[in-house]
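Novice: Any chance you could fold what I've pasted below:
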Amino acid sequence: MKKGYIIIAVALVGMILGAGGCKSDKDKNGRENTAAAPVVDVAEAYTDSITLYQTYPGTLSAGNTADVVAEVSGRILSAHYSSGSYVHKGQVLFTIESTTYRDAVQKAEAALSTARSQHEYYTRQYAAMKKALEADAVSQMEVLQAQSNMEQAAASIRDAEASLSTARENLRRCTIVAPISGYISNGAPDPGNYVNGQGAPVKLTTIYDNSSMIARFYLSDTQYEQLLGRSGGISSAIYRRVPLSFKERMGHDYTADLYFVAPSVNESTGTLLMQGKLANNNNELKDGMYVTVSLPYGTEPRAVLVKDASIGTDQRGKYLYTVNDSNKVVYTPVEVGPVYQDSLRVISSGIKPGEKYVTKALLTVQRGEEVTPRLTR
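Specialist: Reported below is the predicted structural model:
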């Protein structure tokens, strides 16, 4: 092929390619095709009747606790339980060496017997003196002295009876029993140790009745005033089942019946103690556990709800990326209310029920961008 023909052929190829590159990509209706709009996940704002909550940190305590104490002095001979086990009211827990107290009982019994004998003697003597007085055999003074002796003997009986009662009570205290039913803690001191419980009771262990629990938490005086204004106080039905939660999810759900508000504000902290009772039927809850109390403070019959994670924050405040009827992203400022059920947020203003908002890819979408919305729950 000659050189001229080669040049002409190359030129023709270039023209063809150039024409192909400049050709408009149009659809069958003659409109320009553009790149496909990105797919973004959206959800619809909706309304629901909700109860509003405010959370407070608190602690749990057993519904009933009792310290097991030694009230007499002596060496601990034995312990009749296993630490952490369940014990029943009246069950023997400790025995203390009782020889001294048994001797005291015997002495008190002997003293009482002597006092009764003396009283019997002085009673007969007084009766004889009264008869002798009728025959003028004795003086009035001698009769009065016999009466005094009899009355003193009667007082001695009462003293001896009191001493015997004390001695028997001390002997009884050498056998220490459970004052309530519940789970028992470690004992201290161990058997073999001496305790001096007569001067002041010595704590040996503690029993926890966990069948019911008490949730304790504190409100500021301002929060308490708001609670009264919104709900009418703790007599309201919404406080009969106050939700409780824990750092780790428990095997069962728990609610408390709010029954107590402290009668005064703590001046040093400006707070009021509040308490709620709850059942511990599965024995999952323990004394001293931390708990989060979700205190209801009112209801909202038509709250507008969105996913809390979809809300962004900038210098102007909170906002949502909504999608309009043209499937374009719109920057929408919103005013937010409280969190609901951990993942939802109440919207006070800025979005209406049924409006779509972006739930994912918040950092990649742009205002005015056309998107393909994919509705999710």
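
Novice: can we go C-alpha only for contacts and neighbour counts from here?
Specialist: Will do.

Novice: So V40 versus Y357, what's the distance?
Specialist: With distances defined as CA to CA, to the nearest Å, the gap from V40 to Y357 amounts to 10 Å.

Novice: and these two? which has more neighbours close in?
Specialist: Ranked by neighbour count (other CA atoms under 10 Å), V40 and Y357 place Y357 first, with 28 against 20.

Novice: would that one count as being in a helix?
Specialist: No. Secondary structure assignment (DSSP: H, G, I helix; E, B strand; the rest coil) places Y357 in strand, not in a helix.

Novice: Next secondary structure after the worst-scoring helix or strand of the chain on mean pLDDT?
Specialist: Among the helical and strand segments of the chain, the one scoring lowest on mean pLDDT, DSSP states H and E is helix 3-22, with a mean of 43. Following the chain from helix 3-22 toward its C-terminal end, the next helix or strand by DSSP states H and E is strand 39-44.

Novice: That next one packs against which elements?
Specialist: Packing contacts for strand 39-44, counted by 3 or more CA pairs under 8 Å, 6 or more residues apart in numbering; DSSP states H and E, involve strand 356-358, strand 372-375.

Novice: For that strand, which residues meet the burial criterion?
Specialist: Of the residues in strand 39-44, those with enough neighbours to count as buried (16 or more other CA atoms under 10 Å) are 40-44.

Novice: Quick one: mean pLDDT over it.
Specialist: When pLDDT is averaged along strand 39-44, the result is 95.

Novice: so can I have JSON lines of the buried residues of strand 39-44 showing distance to T376?
Specialist: Converted to JSON lines, the buried residues of strand 39-44 look like this (distance: CA to CA, whole Å):
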{"residue": "V40", "distance to T376": "10"}
{"residue": "D41", "distance to T376": "6"}
{"residue": "V42", "distance to T376": "6"}
{"residue": "A43", "distance to T376": "5"}
{"residue": "E44", "distance to T376": "8"}
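
Novice: so which of those comes closest to F94?
Specialist: For F94, the closest of the buried residues of strand 39-44 turns out to be A43, at 66.3 Å, with distances computed as CA to CA.

Novice: now the helices for the stretch 151-300 of the chain?
Specialist: Taking DSSP state H, counting those that start in this stretch as the test, the helices found in the stretch 151-300 of the chain are 221-231.

Novice: What ranges in it fall below the confidence cut-off?
Specialist: The stretch 151-300 of the chain contains residues with pLDDT under 70 at 230-232.

Novice: Going along the chain, name the strands of it.
Specialist: Residue ranges of the strands in the stretch 151-300 of the chain, as given by DSSP state E, counting those that start in this stretch, are 175-177, 182-184, 194-196, 202-220, 242-245, 254-261, 271-279, 290-307.

Novice: Could you look over those strands and pick the most buried one?
Specialist: Between the strands of the stretch 151-300 of the chain, strand 182-184 has the highest mean count of neighbours, a mean of 22, where neighbours are mean count of other CA atoms under 10 Å.
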